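Novice: build me a model:
(4 chains)
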2 protein chains.
Amino acid sequence: MQTTAIISFFDSYLSLDETEKEELINRLRERKIKRRQFILQENDTCKHFTFVVEGCFKMYAVDKNGYEHNLQFAAENEWIADIESLHKEKPSHLYIEAIEPSLILQIAKQDLWDLYNLYPKFDRNFRVIIENKFIELQSRVLQNISSTAQERYTTFLNQYPNLANRLPNTQIASYIGITPEFLSKIRAEKL
Amino acid sequence: MQTTAIISFFDSYLSLDETEKEELINRLRERKIKRRQFILQENDTCKHFTFVVEGCFKMYAVDKNGYEHNLQFAAENEWIADIESLHKEKPSHLYIEAIEPSLILQIAKQDLWDLYNLYPKFDRNFRVIIENKFIELQSRVLQNISSTAQERYTTFLNQYPNLANRLPNTQIASYIGITPEFLSKIRAEKL
DNA sequence: CGAAAATTTGACATGACTCAACTGGAGTGG
DNA sequence: CCACTCCAGTTGAGTCATGTCAAATTTTCG
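Specialist: Okay, the predicted model is just below:
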């Protein structure tokens, strides 16, 4: 099992000691995911927290007209889950789909809860992890309510250069909340 | 000091035992805040986490044209802070201002950090608190990228009826990312 | 190589903003 | 308690930003 990435991920927070590492690893399940494969679909209940070792995912909602709206991407060393569905154990209204062939490590809800109870350090680490995600989301909301599509696009390019050059523009358009046609026009103007 | 609200707030998560209550209360500072008074201004570093006992606040950014964009409201039994500024101890680009005469309880960053280290339950509780805030924010992002102004407005009314009837429409417009004039037109159509 | 998806382009439609003027009500000071 | 000011809300005309639809072209992946 590929565990170096996830261990060094935790090292960037409060490092795990040997027992904690072992207890974590015992609860992880490694999976290979093909391009276009789903790890969560609408109406299913989200049962795992997923750590991306290799590859890239998108999480999105589908509106009444069938259009997708990207809420989040997750590439190497990022966590992804529908937290609401996971916590409240209720059916998700989101999809999580692999954009590239990927390798992931999953931990089941109950196993994570057990870790929280056995080793408070996991509470601490996940608190800080989600605080950082919260800060990121908040700055995205600010962008959404205060900036033009043009500005949101260039901000995206600057903020996630590594994502920008491996994602199709359609996916970026969906993430910043505009149509692919309009993004194409924005890009044409900039040259 | 008015501590019943904050204690029963924690009771809705993992209840605090007597020691934890006492240690928390010892670190709280009660303040009365007038309407239009700031508890955080741009370029100041956010030094406290604030619990609202009574009243209402808005947190917002000001753009280059001088317009305000509301990121968050906080009324009774809610927490508010610029988490980024607080964590990274860097100057904030946000304002937190009282919309109504208010009563708050504040805990300084270092005191909160001490509580985290002394009693892991605080890590747990704040993890869950922020997870819930994250879920809320995420559904707001989804709204922003997938819905029209009309829809965002009615969603706001349904989601925060108690806020909606104590806030001026200008503030709601700023929160959902449209101009006050346009909100006025939306409201005129609905009748 | 071939099918499916991504990208581009243009004409047109609509959503949302700007500016300016006007109205009414709420807070403030005398 | 009154008079005043100021801010929230409304309305309309004109403009700009963004969406829609359809078609043609290019790229990507199996």
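Novice: quick check: angle from the biggest helix by length in chain A to helix B:120-146?
Specialist: Looking across chain A with DSSP state H, the single longest helix is helix A:120-146. For helix A:120-146 against helix B:120-146, the angle by axes from the mean of the first three to the mean of the last three CA atoms, to 10 degrees is 30 degrees.
Novice: what does chain A put close to chain B?
Specialist: Chain A has residues A:61, A:63, A:67, A:69-72, A:83-84, A:87, A:116, A:120, A:123-124, A:126-127, A:130-131, A:133-135, A:137-138, A:140-142, A:144-146, A:174-177 near chain B, with proximity defined as CB under 8 Å from any CB of the partner chain. Quick note: C-beta positions are derived from backbone N, CA and C, even for glycine.
Novice: buried among these? Make that a ChimeraX selection.
Specialist: To isolate the buried members of these in ChimeraX, using 16 or more other CB atoms under 10 Å in any protein chain shown:
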select /A:61,69,70,71,72,83,84,116,120,123,124,126,127,130,131,133,134,135,137,138,140,141,142,144,145,146,174,175,176,177
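Novice: so what's residue A:189 scoring on pLDDT?
Specialist: pLDDT recorded at residue A:189 is 88.
Novice: can you get me a residue count around the residue lying closest to it once chain neighbours are set aside?
Specialist: Using CB to CB, 6 or more residues apart in numbering or on different chains and skipping residues adjacent in sequence, the residue nearest residue A:189 is residue A:150, 8.0 Å away. Counted with other CB atoms under 10 Å in any protein chain shown, the neighbours of residue A:150 add up to 17.
Novice: please, where are all the helices along chain A?
Specialist: Assigned by DSSP H, the helices in chain A fall at A:4-11, A:18-26, A:83-88, A:109-118, A:120-146, A:149-159, A:161-164, A:169-176, A:180-189.
Novice: indicate which one of those is closest to residue B:56.
Specialist: Nearest of these to residue B:56, taken as CB to CB: helix A:120-146 at 19.1 Å.
Novice: distance between the closest one and the chain's centre?
Specialist: Between the centre of helix A:120-146 and the centre of its host chain there is 12 Å, according to CA atoms, centre = their mean, to the nearest Å.
Novice: which secondary structure elements does that helix contact?
Specialist: With contacts taken as 3 or more CB pairs under 8 Å, 6 or more residues apart in numbering or on different chains; DSSP states H and E, helix A:120-146 sits against helix A:109-118, helix A:149-159, strand B:68-74, helix B:83-88, helix B:120-146, helix B:169-176.
Novice: pLDDT (mean, whole number) over it?
Specialist: On average, helix A:120-146 scores 97.
Novice: that one vs DNA strand D: in contact?
Specialist: No. Interface with DNA strand D: helix A:120-146 contributes nothing (CB under 7 Å from any atom of the strand), its closest point being 10.4 Å away.
Novice: got the angle for the longest helix of chain A vs helix B:109-118?
Specialist: Note on geometry: by the same axes, to 10 degrees, helix A:120-146 and helix B:109-118 are set 140 degrees apart in direction.
Novice: can you pull the residues of chain A lying near DNA strand C?
Specialist: Contact residues (CB under 7 Å from any atom of the strand) of chain A with DNA strand C: A:168, A:169, A:170, A:180, A:181, A:183, A:184, A:185, A:187, A:188.
Novice: mind listing what residue A:156 touches?
Specialist: Contact analysis of residue A:156 by CB atoms under 8 Å, 6 or more residues apart in numbering or on different chains lists A:164, A:172, A:175, A:176.
Novice: apart from its neighbours in sequence, what residue is nearest the last one?
Specialist: To tie it back to what came earlier, the one meant is residue A:176. residue A:152 (4.3 Å).
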